[in-house]
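Participant: okay, here's the prediction I keep looking at, along with the sequence it came from:
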Amino acid sequence: MNQPTWHNIHPDFKFNGASFTKKELIQLGNELVNHDQAFQVHIGQFIVDWLSDKPLIEVSTSGSTGTPKKIALKKEHMVNSALATGAYFQLKPKQTALLCLPCTGIAGKMMLVRAMVLGLHLDAVEPSSEPLKEDKTYDFVAMVPLQVQNSIDQLSQIGKLIVGGAPVDTKLRGQLQDSTVQAFETYGMTETITHIAVKKINQQPTDYFEALTGVHIEVDDRGCLVINAPKISDVPIVTNDLVEMKGDNQFKWLGRYDSIINSGGIKLFPEKIEKELAPLIHNRFFVAGQPDENLGQKLVLVVEGEPSDEYNLLQSIKALPSISKYEVPKEVYFVKSFVETETQKINRTKTLNRIT
């Protein structure tokens, strides 16, 4: 009887410089489970779970767009996802990769899976906002935008960089234009086992995501993306992401259907407004709708940090040629620190509750 595909550890796989048989890897996992550093414990737990005979693995969604929930993913599908990523980015055995995301989320777990399946030499460091503290170079790295922002001066240490977990704002996109790294923004979610589509941020940048091989996309009657990818999901995935299609396999992300703000009959898209405001606001921020007696919902701006000159900020926003009068926030709130999800994304709902 053949062993499960997820037990096939590539002979070239290395973790922190060492090679492992399946048996040695299980032993490493058990050792890490008892480590005094939490990130090592999470890596160990995943390795032990991955190398068990169970065909499913339980993961939590991020909770950035709703209540976090537990879902079961097929390990077979996770292997297929790793192979698709390897094919798209032309990753080869013995190439180097860095794990700098927490293994509590799907993004961190999949960096480990890719390394084991593709035979990458993977280094693991404690997840932080500044992951490139050493002088080592890597062929392939996955980061969230905050990590990229804090690593701008070290990005020459990376060959190919994928950025996910949150949209890449205009400022960061601009900073990446002169970088030697090949940077890509990814589109995906826990249910799609990380990314199913990718777009270039620099070196011929584009506004459109391109679906990976084996991923078929369409829109529903709301204009939201529907993903058919039989190798990573047994059923079509209906999203709440409004998109503009281009051809059969490309799309531009417009925003979340469930985040549309209806203000006095005018539909406002928070993601579009945030993109326009990004050059003006240096701290983390977001816009949202709040109940209003006259408008139904009013647009508000929430900025992380100490209160500053609200009047001048609003005047600067009003002066933006790309912002309509309806897209100017009615209120500005300052919050000392945003509430975050377990995967370091902004929890908008809980943050908003701090000001209401």
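Facilitator: Everything's here; your move. Residues are numbered from 1 along each chain as shown.

Participant: could you pull out the strands in the stretch 1-150 of the chain for me?
Facilitator: 14-15, 18-19, 56-60, 70-74, 96-99, 121-124, 138-143 (DSSP state E, counting those that start in this stretch).

Participant: distance of the most centrally placed residue in the chain from W6?
Facilitator: Nearest to the mean C-alpha position of the chain, counting by CA atoms, centre = their mean, stands G165 at 1.8 Å. Look at G165 and W6: by CB to CB, to the nearest Å, they are 24 Å apart. All C-beta atoms are positioned from the backbone trio N, CA, C, and that covers glycine.

Participant: poorly predicted segments of the stretch 201-350 of the chain, please.
Facilitator: Applying pLDDT under 70 to the stretch 201-350 of the chain flags residues 343-344.

Participant: follow-up on the earlier one: for the strands of the stretch 1-150 of the chain, give me TSV that also has mean neighbour count.
Facilitator: As requested, those are exported to TSV (neighbours: other CB atoms under 10 Å):
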stretch	mean neighbour count
strand 14-15	20
strand 18-19	12
strand 56-60	16
strand 70-74	14
strand 96-99	24
strand 121-124	20
strand 138-143	24
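
Participant: now tabulate those in TSV and tack on distance to K200.
Facilitator: Compiled in TSV, these are given as follows (distance: least, CB to CB, whole Å):
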stretch	distance to K200
strand 14-15	29
strand 18-19	34
strand 56-60	28
strand 70-74	28
strand 96-99	20
strand 121-124	24
strand 138-143	15
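
Participant: those into JSON lines, with extra columns for distance to I152 and mean pLDDT?
Facilitator: Output for these, formatted as JSON lines (distance: least, CB to CB, whole Å; pLDDT from 0 to 100):
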{"stretch": "strand 14-15", "distance to I152": "28", "mean pLDDT": "98"}
{"stretch": "strand 18-19", "distance to I152": "31", "mean pLDDT": "97"}
{"stretch": "strand 56-60", "distance to I152": "31", "mean pLDDT": "91"}
{"stretch": "strand 70-74", "distance to I152": "33", "mean pLDDT": "93"}
{"stretch": "strand 96-99", "distance to I152": "16", "mean pLDDT": "98"}
{"stretch": "strand 121-124", "distance to I152": "21", "mean pLDDT": "98"}
{"stretch": "strand 138-143", "distance to I152": "11", "mean pLDDT": "98"}
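
Participant: can you verify the residue nearest to the centre of the chain is assigned to a strand?
Facilitator: No - counting by DSSP: H, G, I helix; E, B strand; the rest coil, G165 is not part of a strand but coil.

Participant: quick one: the residue lying closest to it once chain neighbours are set aside from P102, how far?
Facilitator: In space, and not counting its chain neighbours, G165 is closest to V144: 4.0 Å by CB to CB, 6 or more residues apart in numbering. For V144, the distance to P102 equals 10 Å [CB to CB].

Participant: what does A72 give?
Facilitator: Counting by CB to CB, the separation of A72 from P102 is 20 Å.

Participant: same check on I260?
Facilitator: Applying CB to CB to I260 and P102 gives a distance of 31 Å.

Participant: my guess is K246 meets Y208, correct?
Facilitator: Yes - K246 sits in contact with Y208 when judged by CB atoms under 8 Å, with a separation of 5.3 Å.

Participant: which of these two has more residues huddled nearby?
Facilitator: Y208 (17 against 14; other CB atoms under 10 Å).

Participant: any idea how far that one is from F269?
Facilitator: From Y208 to F269 the distance is 17 Å (CB to CB).

Participant: give me the common contacts of K246 and Y208.
Facilitator: The overlap between the contact sets of K246 and Y208 (CB atoms under 8 Å, 6 or more residues apart in numbering) consists of K252.

Participant: and stretch 21-32, how far out from the chain's middle?
Facilitator: Chain-centre distance of stretch 21-32: 28 Å, with CA atoms, centre = their mean, to the nearest Å.

Participant: now do stretch 73-82
Facilitator: 18 Å.

Participant: any idea of the pLDDT on the residue nearest to the centre of the chain?
Facilitator: Note on G165: pLDDT of 85.

Participant: helix, strand, or coil at L155?
Facilitator: From three-state DSSP, the assignment for L155 is helix.

Participant: now the strands for the stretch 251-356 of the chain?
Facilitator: 261-263, 266-268, 285-292, 296-304, 331-335.

Participant: which one of those lies closest to A84?
Facilitator: The closest of the strands of the stretch 251-356 of the chain to A84 is strand 285-292. By CB to CB, the value is 31.6 Å.

Participant: by contact count, what packs against the closest one?
Facilitator: Strand 285-292 sits against strand 261-263, helix 270-277, strand 296-304, helix 348-353, with contacts defined as 3 or more CB pairs under 8 Å, 6 or more residues apart in numbering; DSSP states H and E.
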